[in-house]
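S.K.: dropping a prediction and its sequence here:
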Amino acid sequence: MWVKRLAAASLVLIILAGLYLARVYSYLLFHSLVELFSVVIAFGIFMIAWHSRAYIGNNYLLFLGTAYFFVGSFDLIHTLAYKGMNVFAIPGANLSTQLWIAGRYLESITLLLAPVFIRKKLNPPKVFVVYFFVTAAVFISIFGYDIFPVAYVEGAGLTTFKVMSEYIIITMLIAAVFALIRQQEAFDKAVLRLMAASIFCAVGSELALTFYVDVYGFPSLLGHYFKLVSYYLIYHAMIKTGLEKPYSIILRDLKKSEERLLVEKNRAETYLDMAGVIFVVIDINEKVVLINGRGCEILGSDSEEIIGKNWFDTFVAVAEKKEERAFFRSFLSGKASEAEYRESAILKADGKERVIAWHYRLIHDEFREITGILSSGEDITDRIEYEKALERYQGKLEQLVQRRTKELERTNNQLIAVTKKLAEAENIERQRIARELHDLIGQNLTALGLNLNIMKARLTGKEPEALESRISDSLSLVEETTVNIRDVMARLRPPVLDDYGLFAAVNWFSEQFRERTGVNVDVVGEELIPRLDMHVETALFRIVQEALNNVVKHSGATIVTIVLKHNGKGTMLTIEDNGIGFDKEKVARSKRSGKWGLTNISERAISVGGNCRIESVPGSGTRIIVEVFA
């Protein structure tokens, strides 16, 4: 190792000594050798970067290589324009100094801007065009219009513009080093050190060239030595290292990208294997090129046994091969829509079939050519079997429900019939009891009263006053009992209902209710002609009684309106109050006995072939609507 380093150091010393001897012989020869070396290095950097731009992942080096073509161009013209070369018909050292400053400005700005493009997308042709126009503009300002600031005056030396420019260039070069260090993770460490050392040598060159008066003097010599070392380090970093260790510079990021891609590929395959669905990639030749772990699990084979096989010949159910192959061709041709959904059966290694719900996507290469289809599928075999079993059980359940419903309807109809018969029997019994009370007890009480009155009129003898008092008490009891008997008869079945009909009975009961409770009751309508069936009239009358009793117990109403009319379909009875109302759902859930009044009303309506609707809102009163279709 030390032998190589000693040989390299000896070579450097020989070159420096040779250049010094060339300077002693002719400064122009020394200057030309140094500048041409830098020009060759600059053009070499450009050639490597430009022709490797398709592979370079580090845009810093690509940007730098493109720009150095134009930096080398300035150095080449600077060499030809140097004082004493006599290539251009412009005497003095100002022209070469102007070209030097222009080249250094371009180089320092390039080194400062280059780190910006490490993480950004770069368009090399656009960069080349921009540098071309900038270089052309500077050349025109120097050779065409002579508007570029004067940099050197014969006999006086460097101008203020030239000196200040050198310090500005030095500042930008130092800033470029710090910018480079901030992005050091993008570079090989050796390349980074060489680039930083090269820039620092360029700083030394610029510092040395701020002091010379004679273009052939020592500061100029020192500045060109620094420039020589600077370009040698760039050569070592970008050309020698790039050729001997391409991964260190040109392919470094490509290698990292490949490593990242491999990691991402492995991660993606892991995620695919973890997914609960099948992922299969089938190329245009119907061959399987990728399948995830779930697919292998469902097919019952390893991926090595699946990949490369014809999907349709090997894994599609026999009955569906033709149809699925036709769909595959149609999808590849673009006739079927993207994300097309299909259900088809696949064939497992053991010969069993599984039904898969598929979604499809076309796969394209970088030239937008179709290379295959990505199929993602979910095994729905168990779900289909479950749905079929559910349909069977649902059918049985529906049959059972229909049978039970018919039984319930039959039972309900029987209950309604029994209820109707009971109501009819109750009404008949009430009528019979009322008649017997009237015929037997009522007549007897009347006769008893007449007898007592006769006895009272014929009283003579002792203590007539005492007997008269007892007879008067007996007469009072007879009258009171007669009134009570009549009231019981009216409650059992009011005679007015039998004699005059429903409307008259409702009016009579409403008057009785108003006198007893003080609640105003308005009855609207007229006697129904022809009269309703006796049992229907009785049921509707009892509904009115029950509703008015509920008003007294629960409503707190002051006005009740009763409407009795024909509505075209049958008879409608409406009872509406202005009471406190109630929440029907809350009452339905309640276990209180008060709700049975409403239940009785509904059951009475149903018992005579009608229906009952109750409308009520808390604070807005209650309305009971009964319709009887008879």
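M.R.: Looks like it arrived, so ask away.

S.K.: going forward, measure contacts and count neighbours with C-alpha atoms only.
M.R.: OK.

S.K.: can you find the helix or strand of this structure with the lowest average pLDDT?
M.R.: helix 241-244 (a mean of 49; mean pLDDT, DSSP states H and E).

S.K.: residue 612 is in contact with residue 602, isn't it?
M.R.: Yes. Look at residue 612 against residue 602 with Cα atoms under 8 Å: they come within range, at 5.3 Å.

S.K.: quick one: the strands in this protein?
M.R.: Using DSSP state E, the strands assigned to the chain run over residues 152-153, 157-158, 278-283, 288-291, 341-347, 353-364, 370-379, 520-525, 559-566, 571-577, 610-616, 622-628.

S.K.: contacts for the longest one, please.
M.R.: When you say that, I think you mean strand 353-364. Contact partners of strand 353-364, identified using Cα atoms under 8 Å, 6 or more residues apart in numbering, comprise 317, 332, 338-348, 370-381.

S.K.: hmm, which of these are the buried ones?
M.R.: 317, 332, 344-348, 370-380 (16 or more other Cα atoms under 10 Å).

S.K.: how many neighbours does residue 334 have?
M.R.: Number of residues near residue 334 (other Cα atoms under 10 Å) recorded here: 11.

S.K.: ugh, typo on my part, it should be residue 598
M.R.: For residue 598, the neighbour count with other Cα under 10 Å is 18.

S.K.: pLDDT at it, what is it?
M.R.: Reading off the confidence values, residue 598 has pLDDT 78.

S.K.: do the same with residue 576
M.R.: For residue 576, pLDDT reads 92.

S.K.: separation between it and residue 511?
M.R.: 17 Å (Cα to Cα, to the nearest Å).

S.K.: contacts only, for residue 402.
M.R.: Counting by Cα under 8 Å, 6+ apart, residue 402 has no contacts.

S.K.: could I get the full set of helices for the stretch 1-150 of the chain?
M.R.: 2-25, 27-51, 59-80, 94-113, 124-139 (DSSP state H, counting those that start in this stretch).

S.K.: repeat for the stretch 451-600 of the chain
M.R.: Using DSSP H, counting those that start in this stretch, helices in the stretch 451-600 of the chain cover 464-492, 495-500, 502-517, 534-550, 584-589, 596-607.

S.K.: which of these has the lowest average pLDDT?
M.R.: Looking at the helices of the stretch 451-600 of the chain, the lowest mean pLDDT belongs to helix 464-492 (a mean of 65).

S.K.: can you give me the neighbour number for residue 498?
M.R.: Neighbours of residue 498 under the rule other Cα under 10 Å: 15.

S.K.: now the one 5 residues further on
M.R.: Here the count is done by other Cα under 10 Å, and residue 503 has 22 residues near it.

S.K.: measure the closest residue to it other than its chain neighbours to residue 521 for me?
M.R.: Nearest in space to residue 503, with sequence neighbours left out and distances taken as Cα to Cα, 6 or more residues apart in numbering, is residue 527 at 5.0 Å. Separation of residue 527 from residue 521 (Cα to Cα): 17 Å.

S.K.: the more surrounded of the two?
M.R.: Legend: neighbour count by other Cα under 10 Å for residue 527 and residue 521, higher for residue 521 (21 against 14).

S.K.: quick one: residues contacting that one.
M.R.: Residue 521 touches 510-511, 514, 559-562, counting by Cα under 8 Å, 6+ apart.

S.K.: same list, those residues, but as JSON lines with distance to residue 386 and neighbour count please.
M.R.: Shown next, in JSON lines, are the contacts of residue 521 (distance: Cα to Cα, whole Å; neighbours: other Cα atoms under 10 Å):
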{"residue": "510", "distance to residue 386": "65", "neighbour count": "22"}
{"residue": "511", "distance to residue 386": "69", "neighbour count": "17"}
{"residue": "514", "distance to residue 386": "68", "neighbour count": "13"}
{"residue": "559", "distance to residue 386": "62", "neighbour count": "15"}
{"residue": "560", "distance to residue 386": "60", "neighbour count": "22"}
{"residue": "561", "distance to residue 386": "60", "neighbour count": "15"}
{"residue": "562", "distance to residue 386": "59", "neighbour count": "20"}
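
S.K.: quick one: which of those is nearest to residue 497?
M.R.: residue 510 (13.1 Å; Cα to Cα).

S.K.: state the phi and psi torsions of the residue nearest to residue 154 when sequence neighbours are not counted.
M.R.: Once flanking residues are discounted, residue 154 sits nearest to residue 92: 6.8 Å by Cα to Cα, 6+ apart. Main-chain dihedrals, residue 92, degrees, to the nearest 10: phi 90, psi 180.

S.K.: how many neighbours does residue 92 have?
M.R.: Neighbour tally, residue 92, other Cα under 10 Å: 17.

S.K.: would you agree it is in contact with residue 86?
M.R.: No. Assessed by Cα under 8 Å, residue 92 is found out of contact with residue 86, at 9.6 Å.

S.K.: against residue 347, how distant is residue 318?
M.R.: 8 Å.

S.K.: which one of the contacts of residue 521 is nearest to residue 404?
M.R.: For these, the nearest to residue 404 is residue 562 (40.2 Å; Cα to Cα).

S.K.: which residues does that closest one contact?
M.R.: Counting by Cα under 8 Å, 6+ apart, residue 562 touches 521-524, 573-576.
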